[in-house]
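Colleague: just the structure for this:
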Amino acid sequence: MVRRISVLVLALVFVLGASVVGAQDLGTEENPIQVFFVPSAEAQTLITGGEVLAEALTEATGLSFEVSVPTSYASTIEAMCADPERSMGFIPAAGYVIGNNRCDLEVYAAAVRFGWPVYWAEYIVRRDSDIYTFADLEGRSWAYPDRGSTSGFLFPSVEMQAAGITAGEEVEAGGHGQAVLAVYNGEADFATVYFSAPLTPGGAWDYGDLPEPYDLTVEDAFVDDEGDLYVGETRILDARSAVAEQAPDVVDEVRILRLSNPIPNDTMSFGPDFPPELRDQIYDALVAFSETDAWAETALGSSEGYDWTGLEVVPDSNYDIIRLQFEILGLTEEDIFADG
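Modeller: Numbering: from 1, shown residues only. Prediction:
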């Protein structure tokens, strides 16, 4: 009996020792921190910009990182849950709520975009469309990025249900840019994608102002040498800017029908067993890096990526509004990620 207990104790010591060594090794070249991005933008853009971000973080912290862009929002959450000691991810609010429910993912910080801690969903249609009111969406074909997208699917679903609107054919486009192009190319009657406040030359844009604060009969839309989308002196930051290089006339062809209520910004979340001291170290490095010009070359800072201009620490309670949306729709994780 004594011998059996000794064997068990030795086995327990071995397991605990291996775990401690693993945690101590996290961030080495042999055991890099796993960084995940959801595929809300073009995958190669996120991979390239993610590697730029990883190199800057390594220089600032001495830690090693490995960047991945899974093929769907669902697979991103699954990958983070499968690696609770090593994973961190830049994931939208709905994905965070699902991951928090599934495996206790923990939010640490959220995006700030040009001073805004929130963003919106925009309903877009072709500029020559006969859709002029919210009610006109009844029965029309609907393109959205992914069923795990907060602005692209969750908030619009709740708002349309509340208004008694049932869309027609649904097209899961695979990303915000792809959903914009589905409308641009006439493959869907409307799409729901993210809206970030435009940068205006006069007074700052505020919620309640026109979502398109410009006059296309007076001002021209164009893409500048840096790939940014403008109408006159107003810089466009909504999802149409993500396809500016592929469709430089996207503003001339696609208009905004309406905006949703405000949505909490995307998160920087961690696996539940990720070392707290490394979270603090990574956050401090990201905040410092976001204040440099090189930030615009990263997956987080570039306009083709997530377009974050900074980040701030947020509590989990910020996402209670998202949990309420799930309750209103009666949606489960399986409903959202059925095909993930």
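Colleague: C-alpha from now on. contacts and neighbour counts both.
Modeller: Fine.
Colleague: could you list the low-pLDDT ranges of the stretch 1-150 of the chain?
Modeller: Applying pLDDT under 70 to the stretch 1-150 of the chain flags residues 1-24.
Colleague: now tell me what touches stretch 30-45 from outside.
Modeller: The contact list for stretch 30-45 (Cα atoms under 8 Å, 6 or more residues apart in numbering) reads 22, 25-27, 46, 63-73, 76, 80, 86-92, 145, 174-177, 242, 299, 304-306.
Colleague: before we move on, which element is Gly177 in?
Modeller: Using DSSP states H and E, Gly177 falls within helix 176-184.
Colleague: extract the CA atoms of that helix and return them as CSV.
Modeller: The C-alpha coordinates for helix 176-184 follow below in CSV (Å, rounded to 0.1, in the frame of the first residue of the first chain):
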residue,chain,number,x,y,z
HIS,A,176,-16.7,41.9,-44.2
GLY,A,177,-14.9,42.8,-47.4
GLN,A,178,-16.5,39.8,-49.2
ALA,A,179,-20.0,40.9,-47.9
VAL,A,180,-19.4,44.4,-49.3
LEU,A,181,-18.4,42.9,-52.7
ALA,A,182,-21.5,40.7,-52.7
VAL,A,183,-23.6,43.9,-52.8
TYR,A,184,-21.2,45.7,-55.1
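Colleague: after that helix comes which helix or strand?
Modeller: In N-to-C order, the element after helix 176-184 by DSSP H and E is strand 190-195.
Colleague: got the buried residues for stretch 93-105?
Modeller: By 16 or more other Cα atoms under 10 Å, the buried positions in stretch 93-105 come out as Ala93, Ala94, Gly95, Tyr96, Val97, Ile98, Gly99, Asn100, Cys103, Asp104, Leu105.
Colleague: SS state for Val125?
Modeller: strand (DSSP: H, G, I helix; E, B strand; the rest coil).
Colleague: let me know how buried Glu304 is, in neighbour terms.
Modeller: 26 (other Cα atoms under 10 Å).
Colleague: next up, the contacts around it.
Modeller: Ala41, Glu42, Thr45, Ser241, Ala242.
Colleague: the last one and Tyr306 touch, don't they?
Modeller: If I follow you right, that is Ala242. No - with contact defined as Cα atoms under 8 Å, Ala242 does not reach Tyr306; the gap is 9.6 Å.
Colleague: the two: who's more crowded?
Modeller: A side-by-side neighbour count of Ala242 and Tyr306, using other Cα under 10 Å, places Ala242 first with 28 against 20.
Colleague: which residues sit in contact with Pro272?
Modeller: Pro84, Glu85, Cys103, Asp104, Leu105, Glu106.
Colleague: which phi and psi does the closest residue to the third one other than its chain neighbours have?
Modeller: By the measure of Cα to Cα, 6 or more residues apart in numbering, the closest residue to Cys103 outside its immediate chain neighbours is Cys81, 5.8 Å from it. Recorded main-chain torsions at Cys81 are phi -70, psi -30, according to degrees, to the nearest 10.
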